[in-house]
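>>> Turn this into a structure:
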Amino acid sequence: MTEFLPGVPAQLVLNSLARSPGNEIATGKFDSPESSAALAVNAFGWFLERPRLMPPLPNVPMGRPEEIEVEAEMHFPWRGGRHPWLDAAITTPTTLVGVESKRYEPFRPGKTTVFSEQFDSRDWGDGLGRFTALRRALTSGKASFRHLDAAQLVKHAYGLHTQARKRGRGAVLAYVYAAPEAWANGKPVSPTAIAAHEAEVLRFATAVRGDAVVFAPVRWADLIRQWAGDQALAAHAQNLLARFGRL
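Sure, this is the predicted structure:
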């Protein structure tokens, strides 16, 4: 039986998870001690019925949230095929913030750089010129990332840009990532891999800086520290630390 943290509206979260293609609950992935989805939906799901209690994410240009979703789909400007799913979407009066959360994924193999032909057939405009240049470099092999899923982030940016324009808002892609000291079994996570991931985050941010979709890296540790300092959120922050450990 899946258990959520105190204050998380379980049925709303379960409904959101049921709509997404990851099949997290039925496969048992959600209950894994290393689940990134469990961390994200417990953290952001707490705000589903109280979005205005969430402060702007650390160093993210966004304003005060009006609405929060977990497991949010961001459609590309075409029908059919797969579209990006973000761990959370935060809507403010001026901005649509898409949240991509990572926990242990950067320290596992399996990153891909596959883009369908539809990406080449679409004129994304000058506003996404840097993301597009990076996509082409990834496809050609001129750019590569070992720990950061750069292809996924580029796709998220395209979907987020499409939906933000429809809603008349700016777009921010918040990459919320952990630097865990150990795997769930107690084996240490390589400090070299953690440092390499940080370096790749910076390299990605530099490559796309200035485009219409703002890429904003946020450490989970900094986010939870921010919430812990807010009286209304302190208990939620402590519950996250108790369930998921140091991030």
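
>>> SS state for the residue positioned nearest the centre of the chain?
The centre of the chain sits closest to residue 100, judged by CA atoms, centre = their mean, with a distance of 0.7 Å. For residue 100, the assignment made with DSSP: H, G, I helix; E, B strand; the rest coil gives strand.

>>> OK, contacts around it?
86, 87, 152, 153, 156, 173, 174, 175, 176 (CB atoms under 8 Å, 6 or more residues apart in numbering). The C-beta positions use only the backbone N, C-alpha and C, and glycine is treated the same way.

>>> Quick check: next helix or strand after the lowest-mean-pLDDT helix or strand in the chain?
Least confident helix or strand, the chain: helix 24-27 with a mean of 54, by mean pLDDT, DSSP states H and E. Going down the chain from helix 24-27, the next helix or strand is helix 36-45, by DSSP states H and E.

>>> follow-up on the earlier one: now distance to residue 59 and pLDDT too, for the contacts of residue 100, in CSV please.
Shown next, in CSV, are the contacts of residue 100 (distance: CB to CB, whole Å; pLDDT from 0 to 100):
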residue, distance to residue 59, pLDDT
86, 19, 95
87, 19, 94
152, 22, 94
153, 17, 97
156, 19, 95
173, 14, 98
174, 10, 98
175, 12, 98
176, 12, 98
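
>>> of all these, which comes closest to residue 115?
residue 152 (10.7 Å; CB to CB).

>>> Setting the sequence-adjacent residues aside, check what's closest to the closest one.
Here the nearest residue to residue 152 in space, its sequence neighbours aside, is residue 100; by CB to CB, 6 or more residues apart in numbering that works out to 7.3 Å.

>>> and the one you found, what pLDDT?
Here, the pLDDT recorded for residue 100 equals 97.

>>> Could you list everything it pairs with in the sheet?
residue 175 (DSSP bridges).

>>> quick one, what contacts the closest residue to residue 36 other than its chain neighbours?
Nearest residue to residue 36, sequence neighbours excluded (CB to CB, 6+ apart): residue 103, at 4.0 Å. With contact taken as CB under 8 Å, 6+ apart, residue 103 is in contact with 34, 35, 36, 39, 177, 178, 180, 220, 244, 247.
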